[in-house]
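In: Model the structure of this input:
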Amino acid sequence: MKDIHILLVEDNEGDIVLTKEALSDAKIKNKVSVAKDGEEAIRFVNAGINGDEHLLPDLILLDINLPKVDGKEVLHYIKTHPSLKKIPVVMLTTSSSELDVIDSYNNYANCFITKPVDFNKFFEVVRMIEDFWITIVKLPSKD
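Out: Next comes the predicted model:
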């Protein structure tokens, strides 16, 4: 199985550390890149489509509440761009707002997960995301 590149778009340092730690215990090797705001996430994926294809992620974990450009706008950008729209996007956020859920799915999020506040449950959720999206699901190739 090939290495998986995950783009984590998250501004909370604690959640970044926990997510990366949970993903580092992976059954398969993966690379995790981090963007700490929406502008940085858009720059990151644009670099991938403008020549640095190794930067294009296989999976994006996207928070909604981000500085500069919020996660909903990042999701809309990704899912309306011909070179990016096939990348699965998992909304991983503290929000449980029904409006956020509806907006995310209306903009073609692949799933919406509310982050648990409990450390152990958060760790477990990240592992479940990894198990599903990396071990079970066949991700599209970058070709």
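In: give me the number of residues near Glu73?
Out: 17 (other CB atoms under 10 Å). (Glycine included, C-beta is placed from N, CA and C.)
In: which element is it on?
Out: helix 71-80 (DSSP states H and E).
In: Next secondary structure element downstream of that helix?
Out: Following helix 71-80 in sequence, per DSSP H and E, is strand 89-93.
In: What are the contacting residues of that next one?
Out: By CB atoms under 8 Å, 6 or more residues apart in numbering, the surrounding residues in contact with strand 89-93 are 10, 19, 59-65, 71, 75, 78-79, 100, 104, 108-115, 129, 133.
In: 6 Å - rerun?
Out: Residues outside strand 89-93 that contact it (CB atoms under 6 Å, 6 or more residues apart in numbering) are 60-64, 75, 104, 109-113, 129.
In: What of stretch 30-49?
Out: Here stretch 30-49 has contacts from 4-9, 11, 16, 20, 23, 55-56, 66-70, 74, 77, 83-84, using CB under 6 Å, 6+ apart.
In: Please indicate which of those are buried?
Out: Buried by 16 or more other CB atoms under 10 Å: 4-9, 11, 16, 23, 55-56, 66, 69-70, 74, 77, 84, out of the contacts of stretch 30-49.
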